[in-house]
Every structure is written in C-alpha cells, then in structure tokens.
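1. sequence and predicted structure are below.
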Amino acid sequence: MIRILTEIRNCQFQGGIKKLFLQSKIFELLALQCEQYERAGWNNTDAVNISAADRDKIYHARDLLLSAVQQPPSLHDLSRLAGLNEFKLKTGFKKIFDNTVFGYLNDYRLEQARQKLMQHDYPLTAIADELGYSSLQHFCNAFRKKYGVSPGKARWNKRLS
C-alpha cells in the first residue's frame, strides 16, 4: 500500500492519462484493503463464537419475545431478562436466526397474520390488535411490504382458489 501511495505521489503523467493512472491505483488500493479485511476475518460470521450457555439464553430471549408479541420488551429489558448484555443478544440473535431481534419479531408477526388470514375469517383489525400493531394501517403497510399484496387481497385471493 505504501508503494502504491508513493507511485501516486510521484505520478509524472498529465491530463487524461494521469486521471486513468490515479483511478487504477485507487482500485489497486481498494483491492488490497478488501484482501486485508478478508484475512482479518471481519466479514466472517464464524468470528462471533457463541457459547452453549449464551445460545440457550438467546433461544430463551426469542421465546420471551414471542410470548409478548403484543407488547414486546425493549432490547434493554429483553437482554436483562435473558441474562445477556445487549451486544451479545444482538450479535448472537443475528448469527443464530440470521435476523435482528425485532426483524425476527416482525417476520413472526406477519407470518402469524398470514396464517390467520388464510385459515379464519378474523377481522383485519382483530388480527392487527392481536399481533401488537399500533393501527390497522401500520399492519396493512407492513403486510404489503413483506408479501407484495394487502391483507384484504390476500384473503380474497384465498377465497378464489
């Protein structure tokens, strides 16, 4: 990297060739930086090791979260209840479930909503309330964002099939 920086500093080219030379050296620096990053294991998800005890606590945190789907605890409260610090909870949750704590909760809520829509004739407001959405509109927007169709249309399409 130092050699490349020296070459950049001592560049004798002019005009368009100088610009091309500098761009190529920047790409070379970027490639070396990426190589360092990979060698250090910073992007390796296995770099975060989870002990068996912490794994159990993370599963316990998930169970606590899902048991309070209407009014989930804050991240701080959840980590305290599970016996982990917030960092371990967040990184462990991401490693085990490949999702953030509240991303997991959101996916769970929406999957529960989808199942209720397909199996029962619950009113949409009852589903939204039961799953802890602050309003019907918030529920409908979240459902549409995840599934690409409104909950009402999802229910209607079920009836047609």
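-> That came through fine. Numbers count the residues shown, from 1 in each chain.

2. which strands and helices sit next to the top helix by length along the chain?
-> Taking DSSP state H as the criterion, the chain has its longest helix at helix 15-40. Under the contact definition 3 or more CB pairs under 8 Å, 6 or more residues apart in numbering; DSSP states H and E, helix 15-40 sits against helix 2-9. C-betas here are computed from N, CA, C, even on glycine.

3. now the helix it packs on: average pLDDT?
-> Mean per-residue pLDDT for helix 2-9: 90.

4. what does that helix rub up against?
-> 22, 25, 28, 29, 32 (CB atoms under 8 Å, 6 or more residues apart in numbering).

5. buried residues of it, list them for me.
-> Across helix 2-9, burial judged by 16 or more other CB atoms under 10 Å covers no residue at all.

6. now do that helix and helix 15-40, the angle between them.
-> For helix 2-9 against helix 15-40, the angle by axes from the mean of the first three to the mean of the last three CA atoms, to 10 degrees is 160 degrees.

7. list the buried residues in whichever strand or helix holds residue 57.
-> In this assignment (DSSP states H and E), residue 57 forms part of helix 52-67. Of all the residues in helix 52-67, those buried under the rule 16+ other CB under 10 Å are 54, 57, 58, 61, 62, 65.

8. quick one, domains of this protein?
-> 2-43, 47-97, 104-160 (automatic domain parsing).

9. which residue is the nearest non-sequential neighbour of residue 129?
-> Spatial nearest neighbour of residue 129, chain neighbours left out: residue 70 (7.9 Å); criterion: CB to CB, 6 or more residues apart in numbering.

10. now the phi/psi pair for that neighbour, please.
-> phi -70, psi -40 (degrees, to the nearest 10).

11. can you tell me which residues contact it?
-> Taking CB under 8 Å, 6+ apart, one finds 129, 130, 131, 132 in contact with residue 70.

12. pLDDT wise, what is it at?
-> pLDDT, residue 70: 88.

13. same question for the one 10 residues further on.
-> According to the per-residue confidence, residue 80 scores 95 in pLDDT.

14. same deal with residue 35?
-> With respect to pLDDT, residue 35 scores 86.

15. closest to residue 149 out of the buried residues of helix 52-67?
-> For the buried residues of helix 52-67, the residue nearest residue 149 by CB to CB is residue 65; the value is 26.7 Å.
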